[in-house]
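Enquirer: Here is a sequence with its predicted model. Questions after.
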Amino acid sequence: MTTAKLENHGPSGFLSRLMGTLRNSAVWLGAVALAALAALAAFFFALAALAGTFIIVGTLALVWLIFRIAGSRSARKGAPGDGNTLNARRGPHGWTVDGIGPFGSR
């Protein structure tokens, strides 16, 4: 009876040979350098996205503040009677303007 030899396991297996080859080659060093570069790029991209978010929020807050300050100077007090220009009255069936209700009803 013959036993099947496990070709992909043990010290002469595929992964062991691959790791042995990579340890002795510049490809391993290049792969580690590329992984470190990708990690740094991801970190700085996240940092830039965070900074960009703060810049956008700060700009919107500044615009809101400027419009709030500038808008308060141009506010004018209404002339007397401005609220009564339509001569609106509250009646038993709702609001009327000069005796005419909604949709032209009297």
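Expert: Done, it's in. Residues are numbered from 1 along each chain as shown.

Enquirer: those helices in the chain, which residues are they?
Expert: 14-23, 26-73 (DSSP state H).

Enquirer: Output the below-cut-off pLDDT ranges for this protein.
Expert: Applying pLDDT under 70 to the chain flags the ranges 1-11, 72-86, 106.

Enquirer: coming back round to it: can you add distance to Ile100 and mean neighbour count and give the helices of the chain back as TSV?
Expert: C-beta coordinates here come from the backbone N, C-alpha and C atoms, glycine included. Below are those laid out as TSV (distance: least, CB to CB, whole Å; neighbours: other CB atoms under 10 Å):
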stretch	distance to Ile100	mean neighbour count
helix 14-23	90	11
helix 26-73	36	10
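
Enquirer: center of the protein, which residue is that?
Expert: Most central in the chain under CA atoms, centre = their mean is Thr53, positioned 7.5 Å from the mean C-alpha point.

Enquirer: returning to what we had before: how about the helices of the chain in TSV, adding distance to Gly94?
Expert: Supplementary listing: the helices of the chain in TSV, determined by distance: least, CB to CB, whole Å:
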stretch	distance to Gly94
helix 14-23	84
helix 26-73	34
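
Enquirer: Out of these, the one nearest Asn87 is which?
Expert: Proximity to Asn87 (CB to CB) singles out helix 26-73 among those, at 30.4 Å.

Enquirer: The closest one - contacts with which helices or strands?
Expert: Applying 3 or more CB pairs under 8 Å, 6 or more residues apart in numbering; DSSP states H and E, one finds that helix 26-73 contacts no other helix or strand.
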